[in-house]
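Novice: Sequence first, then the predicted structure:
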Amino acid sequence: MSERSERSGDVLVEVRDLKVHFPIKRGVLFDRTVGHVKAVDGVDLSIARGRTYGLVGESGCGKSTLGRALLQLTPPTAGQVAFDGVELTTLAPNKLRAMRRRMQMIFQDPMSSLDPRQNVESILTEGLQAHGIGGDRNGRRKIIAETLDQVGLPRWALSRYPHEFSGGQRQRIGIARALVLGPELIVADEPVSALDVSIQAQVVNLLDELQDNLGLTYLVIAHDLAVVRHISDTVGVMYLGALVEEAPSDRLYTEPLHPYTRALMSAVPVPDPDVEDRRERILIHGDLPSPANPPSGCRFHTRCPWAQPTRCADERPQLREIGGSRVACHWAEQIASGELRPHKVSVEITRPPGEGEEPSVVSAPTEPGSFV
Amino acid sequence: MALLDVEDLSVTFARRGQRTVRAVDGVSFSVNAGEVVGLVGESGCGKSVTSLAIMGLLPKQPGLQVSGKAVFDGTDLLQIDDRSRRDIRGRDVAMIFQDPLSSLNPVVPIGLQVTEVLTRHRGMRGEAAAKEAAQLLDRVGIPDPKRRLKEYPHQLSGGMRQRALIAMAVACQPRLLIADEPTTALDVTIQAQILELLKDLVQDSGTALVMITHDLGVVAGMCDTINVLYGGRVVETARRRPLFRQPRHPYTVGLLGSVPRLDAGRGERLNPIPGSVRDLLPWPDGCAFAPRCDRRVDACIGEPPELVLTHDGRSYRCVNPAPLPGLTPGDEVRTAVPGPATPGSVPAQAVPDEPPAVPGLAAAPSEEETP
Ligand SMILES: Nc1ncnc2c1ncn2[C@@H]1O[C@H](COP(=O)(O)OP(=O)(O)OP(=O)(O)O)[C@@H](O)[C@H]1O
Ligand SMILES: Nc1ncnc2c1ncn2[C@@H]1O[C@H](COP(=O)(O)OP(=O)(O)OP(=O)(O)O)[C@@H](O)[C@H]1O
Ligand code: SF4
Ligand code: SF4
Ligand SMILES: [Mg+2]
Ligand SMILES: [Mg+2]
């Protein structure tokens, strides 16, 4: 811990007002843009070198898009991303390619991100060759051997194919593929959510160890708050494409300020009956509204148990500093002090994407309701 | 007598040219009326196969063998014909799955699917059925239920679909509800809504609930009794508080040590269980958990560990369980039941994934080569 705090202060990644809007196309012959999915809609954050920034939020809130846009894997619609002082959004393609070596990504499902036809050696060599690292074959082998040791894979793994490994080992291969290039930043998108419970801890510990040994900087994206709290120094909570709260990980848990954070924290089950019986759940009702048509004002106002008749529906709250946290809520102080009390919220229906088209070619089960 | 008594349930899949896979291997547990019983374990340990076998929903494929008993209110569900089973299913016993979309008919409006259940099991028709259906949707928290009745499953969000499925499952006030990972595909905030809903339903109607999940947090908040599964067997059974306070089976201890807790601080190292679920010993050769167990002793290998029943009403399948403070090991033992295993079979989890069928892929190394 002390080692961690010494390395503070130095910012590696600086994101300013980042936006990623995906066009919604309709029409058969001429694609017409009928609107935009505002997957990421104005995010500011900075990640300190050697630290872990955790990003949480419901499915579809834009976490992965933010991670990809940060790495320029998805072109941002607007905004800036500075990596170690270099602005990435305007960087020439060849310069960007060279930068890529320093920023790598780990994916959720190691199986789908690994080519089943490549053995582990060729998976690991590929990146080295592309970036011209390691010189000759022997040099590359040395780097690969070191990396295998770092991620705890045996040497014989090199000649094997991804399907021969268990989920946890595959994730180690994914991590090794990122590590061989000697990156400084790793964006890990749901690195453990596809893994078995008993294996998750191995990968979480591995990520922790690698950070301690190599001074890596992480952006960890996950929907599991317990995992994120465990490995992050700072946690950002996203809702519909924007950050609603950002705080040191311990503080976010002990003193969540934004109503959404409070609800989120109270919803996470804790494997302890005593805690479970004592805790008070703040249930938020309904589903995440569509990012194509986000609510006006505070985007959480349609589900917020504290929403007020003034400001909430028509003024978008900006992140403001409150006692060490950054919070985007007009009423955070009054809610924290208990001056404002939660109330009932009526549910609004949210349509899944693609709604409206009739189901046409579907293989239906023979008997309706035969499953229950 | 318990409402549901599962006794020595085994399910094997035999495929030509391959070793017989024993997905469920002598599983026994019981559920009392109004009780919430958890089946917890990692992927592939046999949770779903157990519940599908009880419901008679396993795909009828050659090589499938189901043995043992599942006595529901005096009737062995494994012995009755398909017709009577369909009658019981839906009326007395209902099931909810992880993926609601696959258990809802995509081309039939939600309303019709709910009324269909009402017609089949409660003889309700027309207006009355429609009214009851709307009430059910309302009860599970679907807004504007009358309008929703006309909609198709794909027009609803995942959480709403799961609610619709729950509405169908509780339409006939079943006495037993089996929920297989009902919230795994959902966000935590939606999960909290659904769990709350299930808790209310159970409390209001006295329905017994079998909760299948890999999430220890979910069982901690919901279940009265918990069965922990590993390699197709129940390795520990206990009431909720004793299980979490003093887990006895090393696997349970390991699981609890390896999940990060929301209320634990940053950077505390987790204690993972070494190896993977694939590293298991076939039960006939000893304790399946032995390759990963830090309490392993010589007696763990050779034959399957007996099921130990203790004086405080717990049970575990282990020869060297985590000790209880202030108690001489062995003192708490009431009796031990041998748990014979059929030689030649392997737990399903030990089988590696099939190589992907990719054109041009060189022949994958054969199984013997795999360490
Ligand atoms: N390439 C794309 N084209 C159009 N829309 C997209 C694209 N990628 C993502 N979206 C939309 O952007 C929104 C945010 O998606 P994103 O994948 O970033 O969410 P997420 O927070 O990572 O969710 P999850 O937890 O499910 O991974 C979603 O509504 C999604 O449908
Ligand atoms: N039809 C089948 N044929 C062959 N093997 C099967 C079949 N169905 C299930 N199995 C095997 O039985 C084992 C147990 O499967 P089951 O679905 O019960 O696991 P589970 O505990 O529900 O896991 P999860 O948490 O992933 O849902 C698995 O290893 C699976 O591969
Ligand atoms: S600004 Fe209003 S609606 Fe938004 S979180 Fe705060 S109280 Fe709720
Ligand atoms: S029987 Fe032996 S190997 Fe199995 S869990 Fe108990 S101590 Fe560990
Ligand atoms: Mg994502
Ligand atoms: Mg299952």
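Specialist: On my side now, so go ahead. As the structure is a computational prediction, the values presented were derived from the model and not from experiment. Ligands and ions are numbered 1, 2, ... in the order given.
Novice: what's residue B:158 in contact with, if anything?
Specialist: A:352, B:100, B:101, B:185, B:186, B:190 (C-beta atoms under 8 Å, 6 or more residues apart in numbering or on different chains). (Each C-beta comes from the backbone N, C-alpha and C, glycine too.)
Novice: wait, which of those residues is closest to residue A:150?
Specialist: Checking these against residue A:150 by C-beta to C-beta gives residue B:185 as the nearest, at 33.7 Å.
Novice: Residue A:318 touches residue A:328, doesn't it?
Specialist: Yes: look at residue A:318 against residue A:328 with C-beta atoms under 8 Å: they come within range, at 6.1 Å.
Novice: tally of neighbours for residue 140?
Specialist: Going with chain A. 18 (other C-beta atoms under 10 Å in any protein chain shown).
Novice: oops, chain B please
Specialist: If we define neighbours as other C-beta under 10 Å, then residue B:140 has 23 of them.
Novice: Now residue 115, what are its backbone angles?
Specialist: Unless you meant another one, I'm taking chain A. phi -70, psi 120 (degrees, to the nearest 10).
Novice: I was after chain B.
Specialist: According to degrees, to the nearest 10, residue B:115 has phi -70, psi -30.
Novice: In helices, which of the contacts of residue B:158 appear?
Specialist: B:100, B:101, B:190 (DSSP state H).
Novice: so is residue 19 in a helix, a strand, or just coil?
Specialist: Defaulting to chain A. strand (DSSP: H, G, I helix; E, B strand; the rest coil).
Novice: my guess is it meets residue A:37, correct?
Specialist: No: counting by C-beta under 8 Å, residue A:19 stays clear of residue A:37, with 11.5 Å between them.
Novice: need the contact list for residue B:169.
Specialist: A:372, B:94, B:95, B:96, B:177.
Novice: tell me which element the third one is part of?
Specialist: Same thing as residue B:95. strand B:93-96 (DSSP states H and E).
Novice: rewinding a little: ok, residue A:19 and residue A:37, which is more surrounded?
Specialist: Between residue A:19 and residue A:37, residue A:37 has the larger neighbour count (other C-beta under 10 Å), namely 21 against 18.
Novice: so the residue in the stretch 251-371 of chain B positioned nearest to ligand 3 is in which element?
Specialist: With C-beta to the nearest ligand atom as the measure, residue B:262 is the residue of the stretch 251-371 of chain B nearest to ligand 3, at 21.2 Å. Assigned by DSSP H and E, residue B:262 belongs to no helix or strand.
Novice: Setting the sequence-adjacent residues aside, check what's closest to it.
Specialist: residue A:226 (4.4 Å; C-beta to C-beta, 6 or more residues apart in numbering or on different chains).
Novice: related to what we said a few turns ago, export the contacts of residue B:169 as a markdown table, with columns for neighbour count.
Specialist: Shown next, in a markdown table, are these (neighbours: other C-beta atoms under 10 Å in any protein chain shown):
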| residue | neighbour count |
| --- | --- |
| A:372 | 26 |
| B:94 | 28 |
| B:95 | 25 |
| B:96 | 25 |
| B:177 | 24 |
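Novice: any idea which of the residues you listed is closest to ligand 3?
Specialist: residue B:96 (32.3 Å).
Novice: on that earlier part again, which two of the contacts of residue B:158 have the greatest separation?
Specialist: B:101 and B:190 (14.7 Å).
Novice: So which of these two has more stuff around it?
Specialist: residue B:190 (25 against 16).
Novice: three-state assignment of the residue in chain A positioned nearest to ligand 4?
Specialist: Taking C-beta to the nearest ligand atom as the measure, chain A has residue A:198 as its residue closest to ligand 4, at 13.3 Å. Here residue A:198 is recorded as helix under three-state DSSP.
Novice: Can you tell me how far it is from residue B:289?
Specialist: Note on residue A:198: its distance to residue B:289, by C-beta to C-beta, to the nearest Å, is 10 Å.
Novice: which of the two has more neighbours?
Specialist: residue B:289 (27 against 24).
Novice: I'd say the more buried one and residue B:230 touch.
Specialist: Yes: using C-beta under 8 Å, residue B:289 is in contact with residue B:230, at 5.7 Å.
Novice: Any buried residues in stretch B:270-280, and which?
Specialist: B:270, B:272, B:273, B:275, B:276, B:277, B:278, B:279, B:280 (16 or more other C-beta atoms under 10 Å in any protein chain shown).
Novice: Apologies, that question was intended for stretch A:311-331.
Specialist: A:311-312, A:316-317, A:319, A:322, A:325-331.
Novice: Save those as CSV, and put in pLDDT and distance to residue A:126 too.
Specialist: As requested, these are exported to CSV (pLDDT from 0 to 100; distance: C-beta to C-beta, whole Å):
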residue, pLDDT, distance to residue A:126
A:311, 94, 53
A:312, 95, 51
A:316, 95, 44
A:317, 96, 45
A:319, 96, 40
A:322, 95, 47
A:325, 95, 42
A:326, 97, 40
A:327, 97, 44
A:328, 97, 42
A:329, 97, 46
A:330, 97, 50
A:331, 96, 52
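Novice: So which residues of the stretch 201-350 of chain A form helices?
Specialist: A:225-231, A:249-254, A:259-267, A:273-278, A:332-337 (DSSP state H, counting those that start in this stretch).
Novice: can you tell me which of those helices comes nearest to ligand 1?
Specialist: Using C-beta to the nearest ligand atom, the helices of the stretch 201-350 of chain A put helix A:225-231 closest to ligand 1, at 12.2 Å.
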